[in-house]
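Asks: Provided below are the primary sequence and the corresponding predicted coordinates.
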Amino acid sequence: MSVASPPSPRRVRRFAISGRIGAFLVGFWLLVALFGPMLAPHPVGAVVDLDVFSPASAAFPLGTDYLGRDMLSRVLGAARHTVAIAFLATLLAAITGYFFGLMAAAGGWGDLLLSRVFDTIIAIPSLMFGLVVIASLGASVPVLIGTLAVVYMPGAFRNARALAFGVMALDFVTVARARGERLPYIVVREVLPNVTGPLLADIGLRFVFVVLLLSGLSFLGLGVQPPQADLGSLVRENIAGLGFGAWAVLVPAFAIASLTIGINLTIDALPKRGRR
Amino acid sequence: MNPLFGMIARRLLIALGTMVLVSLAVFATSLLIEGDVAEAILGQSATPQALAGLRAAMHLDQPAWARYLDWAGGMVAGDPGTSLVTGLPVAALIGPRLGNSLALAGVTALVAVPLALTLGIAAAVRRGTLFDRAISLGTIAIVSVPEFLVATLLVMVFAVKLRWLPALSSMRDVGSMGDMARMFVLPVAALACVVIAQMVRMTRAAVIDALASSYAEAARLKGVAPRRLVLSHALPNAVGPIANAVALSLSTLLGGVIVIEIIFNYPGVARLMVDAVAMRDMPLVLSVAMIFCASYLLLVTVADIVAILANPRLRHR
């Protein structure tokens, strides 16, 4: 969005509403991730229904899965894995990516080398990269977090580098250089405060990408391994119910969608100043 | 000598260099395997003699760089090695399925690209209207949900509720061209949805950028008709960014192909790849990964070259 249109009152209100919906969804999933298993009406892994793939009823508000387990309890338990793994991976990707990005913005040999390395990672399709790493290291939670972080680090690096380059060219940085400040001081005190807003929005988007790739890997059976399950694994284990329209396939898929759409809506409603 | 050739040659060289770096990165990742491949194959039955024998047979006793050169040479020559699990040549396993995957991806691209460009340009021209807002909302919704949600929803509606189309692709049931086409519809539609959403968003942004430029403003002030303004002023200058948008969206198609093939049980390379990852059949994993990396790089390079060719400042030198 390069054209700044003056915000009309109606426009502002519309954003506020979609933003509030987004923030509500994000808050909801955060609470579920924190307290979900405690709220579950049935034990998360217990088979409680004789019938499999049964539709919603009073005892099982979201129906039951392929073994006759309560779907609501399964989702409440799985959301925690999705949110926690994606959160850690995003944090790791963002911190390292931004660190290198801000360093690279100073230019020089380090910039050339870092850009080359991250360009190479970007040239590998993300799902492929994940599959190759999991083939050689096996699918465990630490490997998943590390892989997701490495896949989305180059994007964080590029954004931070581009944003910082813009700020580096401004007068107050020249003044700081002329004062004889050292590079770490300039990056932390002069550049960082001016790119914080856009970087926060970038973290949100990166979280969405991470959730989608994690769910994709779990859906392929190469993500979170049983007996643990994240939302993507729930879709996978119930895919047999797709042929007769079982709720158990759609419920976890919609859970992922509401989380990612919620984050997108929230980011969209943030003030756009200085966003790229 | 036209500077165009120089620039295109430079682009091709960069692509080649990136390909070498990517192959190094992918190969290096495969070295992370715990113990080594010989231990992974023999598992419980690993005696020191058996291990040593297998390592020698698989050239694992050689240094990593020698194995890399051996592997990369094999890839280039079209002989990417032998599958560890089945003992068959990797090329024989991939060969017949690659055609199916390419057919799925190709048909999807043929459907998605014209549709996405039309929608993207139309949304940009009617910026701010109800049509534009509906397109923006629809595409952001599709972009931010997993591919398998789009696919499962389509199956629910068209195969389960309406019973118009088969939910699974199975070559056994194919009796005629009609069956073949029916089998293709849902996977292509699901994949196209995902690709189109991405492409519409990027095309719309590119055209809006072009329409906001000063030459478009000048043309508008001169009294050029809106249709002409878009077709002969804005679009020619947006070709570069649009080519880029198409290439990047088609690369999401590469990832999407795997998920879609698994959902519809489509006989492409995806099942092969996913099974190979689960069994840690590294030669097979590496080969399929390199095919996808090469396709991705090819798309991006072609888009870059189109952008160079479309730049009138370079054409009339």
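Replies: Alright, I've got the coordinates. Numbers count the residues shown, from 1 in each chain, chains lettered A, B, ... in the order given.
Asks: what comes up buried for the helix or strand where B:Leu4 lies?
Replies: Using DSSP states H and E, B:Leu4 maps to helix B:3-30. By 16 or more other CB atoms under 10 Å in any protein chain shown, the buried positions in helix B:3-30 come out as B:7-8, B:11, B:15, B:18-19, B:21-23, B:25-27, B:29-30. C-beta here means a position set from N, CA and C on the backbone, and glycine is covered the same way.
Asks: can you check stretch A:27-36 too?
Replies: Using 16+ other CB under 10 Å as the test for burial, stretch A:27-36 gives A:Trp29, A:Val32, A:Ala33, A:Gly36.
Asks: That one near chain B anywhere?
Replies: No. On the criterion CB under 8 Å from any CB of the partner chain, stretch A:27-36 is out of touch with chain B, staying 13.8 Å away.
Asks: ok, which pair from the buried residues of stretch A:27-36 is furthest apart?
Replies: The span of the buried residues of stretch A:27-36, defined through CB to CB, is set by A:Trp29 and A:Gly36 at 9.2 Å.
Asks: so A:Ala178 is in which element?
Replies: Secondary structure assigned from DSSP H and E places A:Ala178 in helix A:171-179.
Asks: Now do that helix: distance to the chain's middle.
Replies: Its chain's C-alpha centre lies 36 Å from the corresponding centre of helix A:171-179 when counted by CA atoms, centre = their mean, to the nearest Å.
Asks: and that helix, what other elements does it pack with?
Replies: Counting contacts by 3 or more CB pairs under 8 Å, 6 or more residues apart in numbering or on different chains; DSSP states H and E, helix A:171-179 is packed against no other helix or strand.
Asks: Around chain B, pick out the residues from the stretch 151-276 of chain A.
Replies: Within the stretch 151-276 of chain A, the positions adjacent to chain B are A:208, A:212, A:215-216, A:219-222, A:232, A:235, A:239, A:242-245, A:249-250, A:253-254, A:256-257, A:260-261, A:263-264 by CB under 8 Å from any CB.
Asks: Helix or strand: which one has the residue positioned nearest the centre of chain A?
Replies: Taking CA atoms, centre = their mean as the criterion, A:Phe207 is the residue nearest the geometric centre of chain A, at 1.6 Å. Per DSSP H and E, A:Phe207 falls inside helix A:192-219.
Asks: next helix or strand past that helix?
Replies: Counting by DSSP H and E, the element after helix A:192-219 in chain order, helix or strand, is helix A:231-237.
Asks: Tell me the helices and strands packed up against that following helix.
Replies: Using 3+ CB pairs under 8 Å, 6+ apart, helix A:231-237 is in contact with helix A:71-104, helix A:192-219, helix A:247-269.
Asks: Let me have the ones you listed in CSV, extended by mean pLDDT.
Replies: Below are the helices and strands packed on helix A:231-237 laid out as CSV (pLDDT from 0 to 100):
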stretch, mean pLDDT
helix A:71-104, 91
helix A:192-219, 89
helix A:247-269, 87
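Asks: okay if I get these as a markdown table plus distance to A:Arg116?
Replies: What follows is those, written out as a markdown table (distance: least, CB to CB, whole Å):
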| stretch | distance to A:Arg116 |
| --- | --- |
| helix A:71-104 | 11 |
| helix A:192-219 | 22 |
| helix A:247-269 | 30 |
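Asks: Just the buried positions in the helix or strand where B:Ala294 lies, please.
Replies: Using DSSP H and E, B:Ala294 maps to helix B:282-310. For helix B:282-310, burial by neighbour count (16+ other CB under 10 Å) applies to B:282-293, B:295-297, B:299-310.
Asks: do the same with stretch B:103-123
Replies: The neighbour-count check on stretch B:103-123 (16+ other CB under 10 Å) flags B:104-105, B:107-109, B:111-113, B:116-117, B:119-123 as buried.
Asks: So is it next to chain A?
Replies: No. Applying CB under 8 Å from any CB, one finds stretch B:103-123 separated from chain A by no less than 12.6 Å.
Asks: how far does that stretch sit from the chain's center?
Replies: Here the centre of stretch B:103-123 is set off from its chain's centre by 14 Å, with CA atoms, centre = their mean.
Asks: List of residues touching it?
Replies: For stretch B:103-123, contacts defined as CB atoms under 8 Å, 6 or more residues apart in numbering or on different chains pick out B:131-132, B:135-136, B:184, B:187-188, B:191-192, B:195-196, B:199-204, B:206-207, B:230, B:235, B:242, B:245-246, B:249-250, B:253-254, B:257, B:260-261, B:266, B:268.
Asks: at 6 Å what do you get?
Replies: The contact list for stretch B:103-123 (CB atoms under 6 Å, 6 or more residues apart in numbering or on different chains) reads B:132, B:135, B:188, B:191-192, B:195-196, B:199-200, B:203-204, B:207, B:253, B:257.
Asks: Take those residues and keep only those in helices.
Replies: Taking DSSP state H, the ones among the contacts of stretch B:103-123 that sit in helices are B:132, B:135, B:188, B:191-192, B:195-196, B:199-200, B:203-204, B:207, B:253, B:257.
Asks: Where is pLDDT lowest across those?
Replies: Among the ones in helices among the contacts of stretch B:103-123, B:Leu253 carries the lowest pLDDT, at 84.
Asks: give me the low-pLDDT residue ranges for the stretch 51-200 of chain B?
Replies: B:166-180 (pLDDT under 70).
Asks: Which residue ranges of it form helices?
Replies: Taking DSSP state H, counting those that start in this stretch as the test, the helices found in the stretch 51-200 of chain B are B:64-77, B:90-125, B:130-143, B:147-154, B:177-211.
Asks: Tell me which of the ones you listed is the most buried.
Replies: Mean neighbour counts were taken over the helices of the stretch 51-200 of chain B using mean count of other CB atoms under 10 Å in any protein chain shown, and the top value, a mean of 24, falls to helix B:147-154.
Asks: Show me what that one is packed up against.
Replies: If you count contacts as 3 or more CB pairs under 6 Å, 6 or more residues apart in numbering or on different chains; DSSP states H and E, helix B:147-154 packs onto helix A:247-269, helix B:177-211, helix B:235-264.
Asks: Show me what the helix holding B:Ala294 is packed against.
Replies: Applying 3+ CB pairs under 6 Å, 6+ apart, one finds that helix B:282-310 contacts helix A:126-137, helix B:3-30, helix B:90-125, helix B:235-264, helix B:269-279.
Asks: Return the distance of the first one from the chain's centre.
Replies: So the one you mean is helix A:126-137. Here helix A:126-137 shows a centroid-to-chain-centroid distance of 18 Å under the convention CA atoms, centre = their mean.
Asks: Which helix or strand lies directly C-terminal to that helix?
Replies: Next along the chain after helix A:126-137, taking DSSP H and E as the criterion, comes helix A:141-168.
Asks: Can you list the buried residues in that following helix?
Replies: Within helix A:141-168, the residues scored as buried using 16+ other CB under 10 Å are A:141, A:143-161, A:163-168.
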